[in-house]
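Visitor: sharing a model that was predicted from the sequence below.
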Amino acid sequence: MSYPNGTLLALSGTQAQYVVLDGQTCLIPNPPTEQSLFTQAAINQMKTVTQAEFNSMPAGPPLTNGASLATPQSAPGEPIYLLSWGQRCWIVSPEVFSAYGFNNSKVQVNPQVNSIPQGLDVV
């Protein structure tokens, strides 16, 4: 079983929630981190998977507690990044941002974002 990047998953019978990122399941460490990244509509559309389904998918690194969304300045066309793992991960397009259910109202302006090491692109 596989789900497209950006799919939010809940593991049946547990409190664990994940996002599919780069084809891997990445644990969302807690509700505050979930709320700082995703829209309520995206959270409401989370898909529940069984342990067997979950075990068939590649595991990725858990998101960092407090992972967030940031941009260097508040201007149209500025890149938006997922900040996690001590890295800035470029969200490659508005379509990708929307497909993940990222919350535009949670994007923080951080002029220092470009000094954070570059991580993988969010596609």
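Guide: Yep, that arrived.
Visitor: ok, the residue sitting furthest away from the middle of the chain to residue 12 distance?
Guide: For the chain, the C-alpha farthest from the mean C-alpha position belongs to residue 52; by Cα atoms, centre = their mean, that distance is 22.9 Å. Computed as Cβ to Cβ, to the nearest Å, the residue 52 to residue 12 distance reads 10 Å. C-betas here are computed from N, CA, C, even on glycine.
Visitor: domain map for the protein?
Guide: Domains of the chain are assigned by automatic domain parsing as 8-55, 68-115.
Visitor: okay if I get those as a markdown table plus distance to residue 61?
Guide: Formatted as a markdown table, the domains of the chain follow (distance: least, Cβ to Cβ, whole Å):
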| stretch | distance to residue 61 |
| --- | --- |
| domain 8-55 | 6 |
| domain 68-115 | 6 |
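Visitor: closest one to residue 62 among the ones you listed?
Guide: Among the domains of the chain, domain 8-55 comes nearest to residue 62, with 3.7 Å by Cβ to Cβ.
Visitor: and the pLDDT for residue 1?
Guide: You'll see residue 1 listed with a pLDDT of 72.
Visitor: tell me how many other residues crowd it.
Guide: For residue 1, the neighbour count with other Cβ atoms under 10 Å is 10.
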